[in-house]
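Trainee: Task: produce atomic coordinates for the following.
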Amino acid sequence: MSEALEIAHGDFGRVALLDMDRGLVRHAHHHCHVLLKVEGDDTQFLVGERVVCLTDEQAVLVNAWETHAYLHDPARDKAMILALYIEPAWLGSFRHNWSASAAPGFFEQPVGLITAQIRRFARDLAAEMVYAPDSRHIRETLLPGLMIALIERFTAWREAGSSLRAASRSRDWRVQRAIARIRAEPTDGTGVDALAREVGLSRAHFYRLFEQTTGASPNVFKNAIRVERAVEVIVRTDQGLADLGLGLGFSTPAHFSRFFRDHVGVSPSVFRSIARRGQVPLP
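Mentor: Next comes the predicted model:
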């Protein structure tokens, strides 16, 4: 059974310490997403169309809206994973062009060899989350240090966000209109065909253009919005989970719980109880 051991949540996004023995469906995030192994067996992820290994020596690097899935091998023991879901706006507060982590291509490769400094930061962050989950040290020292080390190691950060041509391509008005509709009404049941008609495109052209622009299919994008809406409500409010699931368009609490577990790794109730003890105070 997969477990969320600790979850830290704040303006930086969230950091989860996961003990995984169950696969996750193909999904995406708006975050800058990095996976680091803390202990246990090596394991694998599917990033885009490429299978990459998460080991003691290398990290898995996932760009915003890049589709990925956790591929658990039942023959292996659990892998304890430090999963970083970092808000691009928070990264932009360190260096303004790091907000380009919100766009595809921030990480050039989905995997890379880590340094001793990165390994030390990752282990120290995991330990702090376990032994002092409400520590300011998480937000003020360990997480910034880890993210700076990762970005300087794995991105051409001095050039990040410098291409006006790439930025222009990411602003196709038809895709932006569809995204606005999905964000405004992620539970209304509107399918790809209806969205394509609304913006005046064939289904095939719309699907291709949406993936080229965002890196994710319309359905994966919509599910990601639903997951993040759920996470926000679960962490920041006392709304009942059954009502939350209904509000997100699920017919039964069981359907919502299965959807959430398939995307996040644990049930909504477990996520709430762990995340609330790991809310990191602001300075």
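Trainee: V233 touches L241, doesn't it?
Mentor: No: using CB atoms under 8 Å, V233 is not in contact with L241; the gap is 9.1 Å. C-beta coordinates here come from the backbone N, C-alpha and C atoms, glycine included.
Trainee: just the helices in the stretch 51-200 of the chain please.
Mentor: With DSSP state H, counting those that start in this stretch, the ranges of helices along the stretch 51-200 of the chain come out as 88-92, 116-131, 136-137, 143-154, 164-169, 173-184, 192-198.
Trainee: Surely G249 and T187 touch.
Mentor: Yes: the criterion here is CB under 8 Å, and G249 meets it with T187 at 3.4 Å.
Trainee: Quickly list what's touching both of these two.
Mentor: Common contacts of G249 and T187 (CB atoms under 8 Å, 6 or more residues apart in numbering): R226.
Trainee: give me every residue that touches the residue nearest to A102 when sequence neighbours are not counted.
Mentor: Of all residues not flanking A102 in the chain, P88 sits nearest, at 3.7 Å (CB to CB, 6 or more residues apart in numbering). With contacts defined as CB under 8 Å, 6+ apart, P88 is in contact with H30, H31, C32, A64, W98, S99, A100, S101, A102.
Trainee: A4 now?
Mentor: Contacts of A4 by CB under 8 Å, 6+ apart are A16, L17, L18, D19, G265, V266, V270, F271, I274.
Trainee: Check for me that it belongs to a strand.
Mentor: Yes: according to DSSP: H, G, I helix; E, B strand; the rest coil, the state of A4 is that of a strand.
Trainee: The nearest residue to it once chain neighbours are set aside sits in which helix or strand?
Mentor: Leaving aside its chain neighbours, A4 sits nearest to V266 (4.4 Å; criterion: CB to CB, 6+ apart). When elements are assigned from DSSP states H and E, V266 belongs to no helix and no strand.
Trainee: So what's the residue count around V266?
Mentor: Neighbour count for V266, taken as other CB atoms under 10 Å: 25.
Trainee: What are the neighbouring residues in contact with it?
Mentor: S2, E3, A4, F260, I274.
Trainee: Quick check, pLDDT for the second one.
Mentor: Spelled out, that is E3. E3 is assigned 77 on the pLDDT scale.
Trainee: tell me the contacts of it?
Mentor: L18, D19, V266, V270.
Trainee: And for the fourth one?
Mentor: Listed by CB under 8 Å, 6+ apart, the contact set of F260 reads V227, A230, V266, S267, P268, F271.
Trainee: Which members of those residues are the farthest-apart pair?
Mentor: Farthest-apart pair in these is V227 and S267; separation 13.2 Å (CB to CB).
Trainee: Show me how far stretch 109-129 is from its chain's centre.
Mentor: Between the centre of stretch 109-129 and the centre of its host chain there is 17 Å, according to CA atoms, centre = their mean, to the nearest Å.
Trainee: can you check stretch 41-52 too?
Mentor: With CA atoms, centre = their mean as the basis, the mean position of stretch 41-52 lies at 15 Å from the chain mean.
Trainee: Alpha carbons of the lengthiest helix in the chain, as PDB, please.
Mentor: Secondary structure assigned by DSSP state H gives helix 218-236 as the longest helix of the chain. Output of helix 218-236 as PDB, limited to C-alpha atoms (Å, rounded to 0.1, in the frame of the first residue of the first chain):
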ATOM      1  CA  PRO A 218      -7.200  18.500 -23.000                       C
ATOM      2  CA  ASN A 219      -8.400  15.600 -20.800                       C
ATOM      3  CA  VAL A 220      -5.100  15.300 -18.900                       C
ATOM      4  CA  PHE A 221      -5.200  19.100 -18.500                       C
ATOM      5  CA  LYS A 222      -8.700  19.100 -17.200                       C
ATOM      6  CA  ASN A 223      -8.000  16.300 -14.700                       C
ATOM      7  CA  ALA A 224      -5.000  18.300 -13.400                       C
ATOM      8  CA  ILE A 225      -7.200  21.300 -12.800                       C
ATOM      9  CA  ARG A 226      -9.600  19.100 -10.800                       C
ATOM     10  CA  VAL A 227      -6.800  17.600  -8.700                       C
ATOM     11  CA  GLU A 228      -5.400  21.000  -7.800                       C
ATOM     12  CA  ARG A 229      -8.900  22.300  -7.000                       C
ATOM     13  CA  ALA A 230      -9.300  19.300  -4.700                       C
ATOM     14  CA  VAL A 231      -5.900  19.800  -3.100                       C
ATOM     15  CA  GLU A 232      -6.600  23.400  -2.400                       C
ATOM     16  CA  VAL A 233     -10.000  22.700  -0.800                       C
ATOM     17  CA  ILE A 234      -8.700  19.700   1.200                       C
ATOM     18  CA  VAL A 235      -5.800  21.600   2.700                       C
ATOM     19  CA  ARG A 236      -7.400  25.000   3.300                       C
END
